[in-house]
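J.: next comes the sequence, and after it the predicted model I'd like to discuss.
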Amino acid sequence: MRAIVVVTLASSLAAAAAAAQTPASGKTASAWKCAAPNPTHAVPVAGHANHAYVVSSIQCTAVKGEIAGIAEKSGVATEFVEVMGDKAKGHGIFAETLANGDTLTVSYEFTGTMKNQQFQSGSNKWTVMDGTGKLKGAKGQGTCTAKGGPDGSLNFDCTGTYTLAQ
């Protein structure tokens with residue numbers, strides 16, 4: 001009987017140790033309110049009406065969301081956009097700060113529609129590049145949908161998954 005108790009205890013400890021070594025993972029659902037891009041630098045493509053390359057910076061505030069139990073707080077997007085008529089596509093980097101001061105850096109690629117040189121709607125695919133603190137070495141990916149406001153602001157709804165490093 002004593003041998004069974006020892007084997008059972010050893011098995012339980014091994015299972016607990018294995019679980020402790022498994023990286024934490026989860027899902028995230030967030031919403032962001034972003035100001036109109038500022039600064040924005042557009043360079044028209046010579047000889048092509050309604051075609052330009054744009055570099056901009058966008059300040060954002062989290063409306064809801066958390067990662068690994070830490071509330072998302074704010075972020076800054078720096079992006080490069082090609083605008084051709086009513087279509088836009090590009091890529092960027094989003095540097096996010098969480099409520100505890102940890103940071104997360106995300107790269108993204110997007111497409112969208114424009115009207116009168118104003119963003120209307122679009123979507124992106126994002127991938128976690130790196131983080132600090134609890135998020136150091138994190139991996140993750142997801143998508144966002146975006147709507148443009150009449151004042152140039154942007155609203156994002158995002159979902160995704162993440163895995164924390166050990």
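T.: It's in.
J.: only C-alpha atoms for contact and neighbour calcs from this point on.
T.: Will do.
J.: can you pull out the low-pLDDT segments for this structure?
T.: 1-23 (pLDDT under 70).
J.: would you map the strands across it?
T.: With DSSP state E as the criterion, the chain has strands at 25-34, 40-44, 51-64, 66-67, 70-84, 87-98, 103-115, 118-131, 139-148, 154-163.
J.: save those as JSON lines, and put in mean neighbour count too.
T.: Formatted as JSON lines, the strands of the chain follow (neighbours: other Cα atoms under 10 Å):
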{"stretch": "strand 25-34", "mean neighbour count": "18"}
{"stretch": "strand 40-44", "mean neighbour count": "13"}
{"stretch": "strand 51-64", "mean neighbour count": "18"}
{"stretch": "strand 66-67", "mean neighbour count": "19"}
{"stretch": "strand 70-84", "mean neighbour count": "19"}
{"stretch": "strand 87-98", "mean neighbour count": "20"}
{"stretch": "strand 103-115", "mean neighbour count": "19"}
{"stretch": "strand 118-131", "mean neighbour count": "20"}
{"stretch": "strand 139-148", "mean neighbour count": "19"}
{"stretch": "strand 154-163", "mean neighbour count": "20"}
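J.: which residue packs closest to residue 145, ignoring adjacent ones?
T.: Using Cα to Cα, 6 or more residues apart in numbering and skipping the chain neighbours, the partner closest in space to residue 145 is residue 123 (4.3 Å).
J.: hmm, residue 154 and the one you found touching each other?
T.: No: taking Cα atoms under 8 Å as the definition, residue 123 is not a contact partner of residue 154, at 11.7 Å.
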